[in-house]
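Trainee: With the sequence up front, the predicted model follows.
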Protein chains: 4
Amino acid sequence: MNEYQERVRDVAHLSAVELFTPDLEATVDFFVRLMSLEEVGRRDGVVFLHCWDDYERVTLRVVAREQPGIGRTWLRTTSPQALERRVAALEAAGAKGQWVEGEAGFGRTYEVEDPDGHVLALYWESERYRAPEGRGPALKNQAAPFPGRGANVRRLDHINFLAADVSRNGTFLAEALGARLSEQIVTDEGQQAAGWYTFTDKSYDLVHTGDWTGANGRLHHIAFATDTREDILRACDVFLEAGIFIETGPHKHAIQQTFFLYVYEPGGNRVELCNAGARLLLAPDWEPITWTPAERAKGQAWGLQTIASFHTHGTPLVQVPLP
Amino acid sequence: MNEYQERVRDVAHLSAVELFTPDLEATVDFFVRLMSLEEVGRRDGVVFLHCWDDYERVTLRVVAREQPGIGRTWLRTTSPQALERRVAALEAAGAKGQWVEGEAGFGRTYEVEDPDGHVLALYWESERYRAPEGRGPALKNQAAPFPGRGANVRRLDHINFLAADVSRNGTFLAEALGARLSEQIVTDEGQQAAGWYTFTDKSYDLVHTGDWTGANGRLHHIAFATDTREDILRACDVFLEAGIFIETGPHKHAIQQTFFLYVYEPGGNRVELCNAGARLLLAPDWEPITWTPAERAKGQAWGLQTIASFHTHGTPLVQVPLP
Amino acid sequence: MNEYQERVRDVAHLSAVELFTPDLEATVDFFVRLMSLEEVGRRDGVVFLHCWDDYERVTLRVVAREQPGIGRTWLRTTSPQALERRVAALEAAGAKGQWVEGEAGFGRTYEVEDPDGHVLALYWESERYRAPEGRGPALKNQAAPFPGRGANVRRLDHINFLAADVSRNGTFLAEALGARLSEQIVTDEGQQAAGWYTFTDKSYDLVHTGDWTGANGRLHHIAFATDTREDILRACDVFLEAGIFIETGPHKHAIQQTFFLYVYEPGGNRVELCNAGARLLLAPDWEPITWTPAERAKGQAWGLQTIASFHTHGTPLVQVPLP
Amino acid sequence: MNEYQERVRDVAHLSAVELFTPDLEATVDFFVRLMSLEEVGRRDGVVFLHCWDDYERVTLRVVAREQPGIGRTWLRTTSPQALERRVAALEAAGAKGQWVEGEAGFGRTYEVEDPDGHVLALYWESERYRAPEGRGPALKNQAAPFPGRGANVRRLDHINFLAADVSRNGTFLAEALGARLSEQIVTDEGQQAAGWYTFTDKSYDLVHTGDWTGANGRLHHIAFATDTREDILRACDVFLEAGIFIETGPHKHAIQQTFFLYVYEPGGNRVELCNAGARLLLAPDWEPITWTPAERAKGQAWGLQTIASFHTHGTPLVQVPLP
């Protein structure tokens, strides 16, 4: 029993994402008016958005670019010591990151690429979100007022990266950052086709999904948590009226059991609204769940078949090769 | 910055509770038929119940007794080493616990009283819940089938202890077990009247509330988490038809923002159904929220006034002294 | 069997209400921003509002006045012939109404007071609501786009009038307008204390409640229907953030079983949000349900006690005499 | 204006359905355990079921047969006079019905086939559902206790018949029974492909959908109303655990906007769970909404494509001819 490998939690949580868009104003309008985030800062070509119950200053950094896609993914550590430990571990493993000055509330940050080229940004110092004078929430135990518009998403929940080599990237998350694998898809040939990783008591925070196009560094989707499934049903009508493309859902995933909806924001990035109910992953010694292609063929939890674009659409957009 | 006090998480989560009841069969019927737990074991005067998404074998140990009340509260540690560390810390602080053989799936257990006399039972070894052959869940990433009856509560969520001296008990939880204080009520005289403590990313797992009767070791309530608020509204009709006393709710707490319903199970113990939405406490350096009597006087989040019995009813039952 | 009294349905439904307010802009802001109606017209001191799935042009006519209160209640007949029949019946019964030119989409209208002085306005001709060019709904079987803000109420549902003599007013509704009594409260002395009347397959459209102040022509509340109970829970947070006074709820009525929330709009009028689930009153020969004071003493369906202001607050405001 | 055609409502509502099944016990178990109806009577090969808020004695008459399918559809009239009027109108139009003794609470009944061969059973006399002694509902304004199990459907909502000639059957419903057309699908060639008809303030009670197999007298589905959309989401998990085939949904129809789920009961008949929110069709002069194939091609309200089996599966089962 004395050989049990203790887990040290050095990464506290996913904090924020940098999103590229070819239509900055439309993307910002989508997130502000329909998803209910607030604009909290802006400079040339960059807009900072805050989600109402995120305790830090920034949830999204939206950047004008020719192509949609994902930039940095911010991860806060559990302490300044944890940040030092992770950087040491990364560098010992040969990762070539760099320290940069933080912005928008993040302190000194270590930026490093995962094997597929997604940029992870680790930091400890962080400013709290402060509502403007006279515009604070009615209840002082939440960050900002309940917006009462659109989808009312509460917080950034997780990111799903596309990766040419899923297994290699998952190993990186586990070994260099201490992420735990909670569920995965493994092909009949024994290849990991997707892996769900968590740093928290949520059952996943970062996901790697195989990129069928063979491209690198792409985004499958970013996801926001709603308080109820009803929020997601209502959001469907919000998106319907606004002309937002609903790709699939609402339905319940078999893997992770999340109630979901996928839409494309006007810039082309896929955005998920998700609700996990009261499901948590509290077992310290959780054994990863492995799903087979045969199980996947049954469709989602209630039978919805996974649609084709789910396997090909990612950002930046890549011409899908003919089979 | 190098002085930042790192937090080590040695207690993984709340696992199970021992509940006393003067009417064993009625209490078991309440939990099985109305709350949707399953009976998983029974011996003379003791019934073991399992809640459908708890990964361990037992959620409730219901024991026939003359008086309702609470016995042991099981807390699982994050590792065998963490268990040893906690026991060492407890004993260094003068706590007089004892090692006992576990039962119903729990391994060797260290039982110790908090200053108010509630028994905490720490353990590492634990058996997984296994559904009987042919009666497993449709989705293999949950412990047992979705019951589809009554309140469909997913898991044990938290326990609220009554304590003669709230502050002393909170200090014990924080110092001996590493619990974090997330919210509290402090009187105008500076006394802590209630404290909400967490071991996890949930915003509370154990609560101490001042016992106005001055008694020791009593229970205010145990709480189960539902996936949605709608589950709680539906449960109201379930309890109404079954003649279960609804004490207060459904409504939303200002403190912790939990959507709640309080009922008395037939044995007399108060039981809460709760839903936190997607709210989590992810900040590693969360600053506790302090509520004043003036703020409390506004009632719950949407204005419901706290009812009198909430301050006096606890189990074991105590004759409330006249003011 | 040939003596069965056939019911002719001459009144089709409740259409619109005229509401007085001492703070026109605050009241309009409440209904537009928080309740999600749209402003569709305005002239000096009068604002017309439309609720998104009401098929006619106007749902609320908001009028600046020194005191809050209720003006006309519009009821559409099922045909032009039905309008003539009702006017003839009213006049035969001695009612002294008058024909007026309609406005805001209503054609020629017969205005008549109920015995307590509330003005009922009967009409047949009506203009359909037409969304402004380019701003129509995504689905052509609804009147206006789903608003996606605030409470998202779907339509005006019912009106509850205060009346000094409940029974006399109910008789008027039943005999002169063909309303059916679905539920009622009768005191131990045999007095009708409140009566719920319906013209439709909904279980009530107009209610008379005894006015304890003895005043005449007052409003207890107007009510809007939401699609789900969750809409009402969410509205609670919307009102909380906006500083709107929540009087009571959310809870479920025992009488009629409506899930409810009561707030005061900034002008002082009580507004209900209600959801009946799938409950309808389809029986053509429904026997009215009678509730006794003893039954009422149990509180609402899930035990909430009726609060004192519910018996005294009405608009226009009246100084409540001391007992 | 004096030419306005008044509508007389002679049919009050849809009451009950006769369903054939090759597996009587499995079908009854589905409706009782999963859909939450109650068995209220049984004789050789026939089981009577009651849905908790239907005011009459029987909601479903389940009959053992070699093939699944639909038998009689009971429609209650608004009065005894209305029953006589409808029979006279039917016979004047050449319909060949017959009077039969009612059973299970229905009085004297006139049974007549629609042009496609579905049997409609009109009656006036009807017994109220009475809960067994000591097992009545907690609230006296509902028929039976809230079941608190499975899908908790409240009442039978509508029936969708397959018909070789949709238009001819719709004309029959409108002319012989006074049904109103609320929405329809019309092909580019001007053929009515489906028609939704209502007798009530609900937007539809009976539907005719074109039978692509050319067969007669078949059933597309029977539908039960739930109080909330959440009830339907929860029912998905109930069906998943029970191994019930979920054909499509949950999703929202564009036509009629109903939130839906379709499953096959074990006997093979398609059953819908539906929720209309607070949507009603109150306009006495509603203009039918016509949907084109181009509009249908957009899929359901939120984009779900209609699945192939929806156009071919009906009961009795018919071998679908190859195109």
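Mentor: It's in. Numbering: from 1, shown residues only, chains lettered A, B, ... in the order given.

Trainee: how about the strands in the stretch 51-200 of chain A?
Mentor: In the stretch 51-200 of chain A, the segments counted as strands under DSSP state E, counting those that start in this stretch are A:60-64, A:69-77, A:98-100, A:109-113, A:119-123, A:155-163, A:180-186, A:192-198.

Trainee: shaky segments in chain A?
Mentor: Scanning chain A for pLDDT under 70 picks out the ranges A:1-2, A:320-323.

Trainee: Can you lay out the strands of the stretch 51-200 of chain A as a markdown table showing distance to B:E295 and mean neighbour count?
Mentor: Heads up, the C-betas are built off the backbone N, CA and C, glycines and all. Listed next are the strands of the stretch 51-200 of chain A as a markdown table, based on distance: least, C-beta to C-beta, whole Å; neighbours: other C-beta atoms under 10 Å in any protein chain shown:
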| stretch | distance to B:E295 | mean neighbour count |
| --- | --- | --- |
| strand A:60-64 | 32 | 22 |
| strand A:69-77 | 30 | 23 |
| strand A:98-100 | 42 | 11 |
| strand A:109-113 | 37 | 19 |
| strand A:119-123 | 34 | 22 |
| strand A:155-163 | 24 | 24 |
| strand A:180-186 | 39 | 21 |
| strand A:192-198 | 35 | 23 |
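
Trainee: For the ones you listed, give me TSV that also has distance to C:P132.
Mentor: What follows is those, written out as TSV (distance: least, C-beta to C-beta, whole Å):
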stretch	distance to C:P132
strand A:60-64	31
strand A:69-77	37
strand A:98-100	49
strand A:109-113	48
strand A:119-123	46
strand A:155-163	36
strand A:180-186	49
strand A:192-198	46
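
Trainee: Let me know which of the ones you listed is the nearest to chain C.
Mentor: Closest approach to chain C among these is made by strand A:155-163 (15.5 Å; C-beta to the nearest C-beta).

Trainee: So which elements touch that closest one?
Mentor: Where contact means 3 or more C-beta pairs under 8 Å, 6 or more residues apart in numbering or on different chains; DSSP states H and E, strand A:155-163 is packed against strand A:11-21, strand A:69-77, strand A:206-210, strand A:219-225, strand A:270-275.

Trainee: pretty sure A:R72 is touching A:Y123, no?
Mentor: No: in this structure, A:R72 is not within contact of A:Y123 by C-beta atoms under 8 Å, at 10.5 Å.

Trainee: Can you check which of the helices and strands packed on strand A:155-163 gets nearest to B:Q191?
Mentor: Evaluated over these, closeness to B:Q191 peaks at strand A:11-21, with 32.2 Å, by C-beta to C-beta.

Trainee: Would you mind pulling up the elements that the closest one packs against?
Mentor: strand A:60-64, strand A:69-77, helix A:80-92, strand A:155-163.

Trainee: List of residues touching the third one?
Mentor: In this case it means helix A:80-92. A:8-12, A:77, A:97, A:110, A:112, A:122-125, A:175-178, B:1-2, B:4, B:6 (C-beta atoms under 8 Å, 6 or more residues apart in numbering or on different chains).

Trainee: same question, the shortest one
Mentor: Outside of strand A:60-64, the residues within contact range by C-beta under 8 Å, 6+ apart are A:16-22, A:24, A:27-28, A:31, A:37, A:45-49, A:51, A:71-72, A:104, A:156.

Trainee: try the last one
Mentor: Contacts made with strand A:155-163 from outside it, assessed by C-beta under 8 Å, 6+ apart, are listed as A:14-17, A:51, A:53-54, A:59-60, A:70, A:73, A:114-116, A:118, A:169, A:202, A:204-211, A:215-216, A:218-225, A:272, A:274, A:314, B:278, B:280.

Trainee: Each with direction, which strands does it pair with?
Mentor: Note on strand A:155-163: by DSSP bridges, its sheet partners are strand A:206-210 (parallel), strand A:219-225 (antiparallel).

Trainee: Could you export the ones you listed to CSV, including columns for mean neighbour count?
Mentor: Listed next are the strands paired with strand A:155-163 as CSV, based on neighbours: other C-beta atoms under 10 Å in any protein chain shown:
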stretch, mean neighbour count
strand A:206-210, 25
strand A:219-225, 25
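
Trainee: A:N216: neighbouring residues, count only.
Mentor: Neighbour count for A:N216, taken as other C-beta atoms under 10 Å in any protein chain shown: 17.
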